[in-house]
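Trainee: I would like to see how this sequence folds:
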Amino acid sequence: MADILQIEQVIQILKQDLPTLFEKDISYNIYTQDIYFQDPVNKFKYKFNYRIIFWTLRFHAQLFFSQIAFDLHEVYQSTEDTILAKWTVRGILRVPWQAKIFFNGYSTYKFNSDNLIYEHIDTWDRQPGEILKQFIQKG
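Mentor: Residues are numbered from 1 along each chain as shown. Modelled structure (predicted):
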């Protein structure tokens with residue numbers, strides 16, 4: 001087992017990984033093998049599936065968007081066993097009317113005594129259906 005990571009290191013890795021998650025893969029050494037992930041449309045367990053969701057995000061970002069950004073606003077330890085990351089996703093769809101997508105959210109990461117993240121829950125500022133509606137709005 002590797003040295004126990006310090007929470008500051010975990011926060012630094014998140015600060016490094018998150019802004020570029022649509023372009024390149026993240027570091028998986030800060031997560032437990034049985035990491036639980038949940039957002040408004042997905043819910044699953046295990047690092048294998050966690051890797052797949054990030055691959056899928058990158059794949060769809062390249063496929064459907066001419067521009068996409070993950071703006072990371074802040075990452076900090078909010079309670080004894082929790083890290084909070086606040087962010088905005090914005091992009092321009094590859095459609096003739098260049099529909100824009102924009103939503104804010106935050107990620108809640110829970111970590112264990114080894115300072116490994118065992119739970120990642122994303123909360124969005126609007127319903128998935130509202131976000132999808134942005135795709136068809138012109139201008």
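Trainee: where do the helices of the protein begin and end?
Mentor: 7-17, 47-64, 128-136 (DSSP state H).
Trainee: report all helices and strands that the last one contacts.
Mentor: Secondary-structure packing of helix 128-136 (3 or more Cβ pairs under 8 Å, 6 or more residues apart in numbering; DSSP states H and E): strand 100-111. All C-beta spots, glycine's among them, are computed from the backbone N, C-alpha and C.
Trainee: residues making contact with the strand it packs on?
Mentor: 7, 10, 14, 18, 65, 68, 81-93, 117-126, 131, 134-135 (Cβ atoms under 8 Å, 6 or more residues apart in numbering).
Trainee: picking up where we left off before, now mean pLDDT too, for the helices of the chain, in TSV please.
Mentor: Listed next are the helices of the chain as TSV, based on pLDDT from 0 to 100:
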stretch	mean pLDDT
helix 7-17	97
helix 47-64	96
helix 128-136	85
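Trainee: mean neighbour count, those: which tops it?
Mentor: Comparing these by mean neighbour count (mean count of other Cβ atoms under 10 Å), helix 7-17 comes out on top with a mean of 16.
Trainee: for that one, name the packing helices and strands.
Mentor: Looks like helix 7-17 contacts strand 65-79, strand 82-93, strand 100-111 (3+ Cβ pairs under 8 Å, 6+ apart).
Trainee: next, the angle strand 65-79 makes with that helix.
Mentor: Interaxial angle of helix 7-17 relative to strand 65-79 (axes from the mean of the first three to the mean of the last three Cα atoms, to 10 degrees): 170 degrees.
Trainee: roughly how far is helix 7-17 from the heart of the chain?
Mentor: 13 Å (Cα atoms, centre = their mean, to the nearest Å).
Trainee: quick check: pLDDT value at the residue of the chain most remote from its centre.
Mentor: Distance from the C-alpha centroid of the chain peaks at P96, with 27.7 Å (Cα atoms, centre = their mean). On the pLDDT scale, P96 is placed at 92.
Trainee: now do it against K133, distance only.
Mentor: 18 Å (Cβ to Cβ, to the nearest Å).
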